[in-house]
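>>> no FASTA, just this:
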């Protein structure tokens with residue numbers, strides 16, 4: 001009987017861990033942006049800056065970061081920002097790997 005109790009506890013811990021992990025990753029899936037302060041250190045290295053992204057990937061006039069409070073994780077993603085392109089002239093250029101999100 002102790003074996004099944006231990007197994008139940010282990011299963012519960014794994015299930016709880018998975019739900020916490022998925023909720024945290026959901027924050028970044030929904031709210032991540034090249035403008036986010038938490039990821040800005042990699043801008044220009046791993047992904048394009050907002051203005052460059054808009055110009056190259058959408059043939060837009062410009063791009064700018066704007067405040068976008070996190071709706072999913074306001075306590076975790078403070079000072080969240082999003083990239084907005086001005087006057088996009090085409091859909092996302094998926095052939096250019098530097099345009100991939």
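Everything's here; your move. Note that the structure is a prediction, hence the values are computed from the model and not measured. Residues are numbered from 1 along each chain as shown.
>>> What's the end-to-end length of stretch 52-67?
19 Å (C-alpha to C-alpha, to the nearest Å).
>>> buried set for that stretch?
52-55, 57-58, 60, 63, 65 (16 or more other C-beta atoms under 10 Å). Just so you know, the C-beta spots here come from the backbone N, C-alpha and C atoms, and that holds for glycine as well.
>>> can you tell me which of those are in strands?
If you go by DSSP state E, the buried residues of stretch 52-67 have 63, 65 in strands.
>>> Closest one of the buried residues of stretch 52-67 to residue 41?
For these, the residue nearest residue 41 by C-beta to C-beta is residue 65; the value is 14.6 Å.
>>> Bridge partners for the closest one, pull those for me.
Note on residue 65: beta-bridge partners residue 83, judged by DSSP bridges.
>>> doesn't residue 80 make contact with it?
No. Taking C-beta atoms under 8 Å as the definition, residue 65 is not a contact partner of residue 80, at 10.1 Å.
>>> Quickly list what's touching both of these two.
Counting by C-beta atoms under 8 Å, 6 or more residues apart in numbering, the residues touching both residue 65 and residue 80 are residue 33.
>>> Do you know the pLDDT at residue 83?
We have a pLDDT of 90 for residue 83.
>>> Neighbours of it, how many?
19 (other C-beta atoms under 10 Å).
>>> go on, residue 69?
Counted by other C-beta under 10 Å, the residues lying close to residue 69 total 11.
>>> And for it, nearest residue in space, chain neighbours not counted?
residue 80 (6.0 Å; C-beta to C-beta, 6 or more residues apart in numbering).
>>> how much space between the one you found and residue 89?
27 Å (C-beta to C-beta, to the nearest Å).
>>> the more surrounded of the two?
Neighbour count, other C-beta under 10 Å: between residue 80 and residue 89, residue 80 has more, with 22 against 9.
>>> That one touches residue 39, doesn't it?
No. In this structure residue 80 lies outside contact range of residue 39 using C-beta under 8 Å: 10.4 Å.
>>> joint contacts of those two?
Common neighbours of residue 80 and residue 39 (C-beta under 8 Å, 6+ apart) are residue 33.
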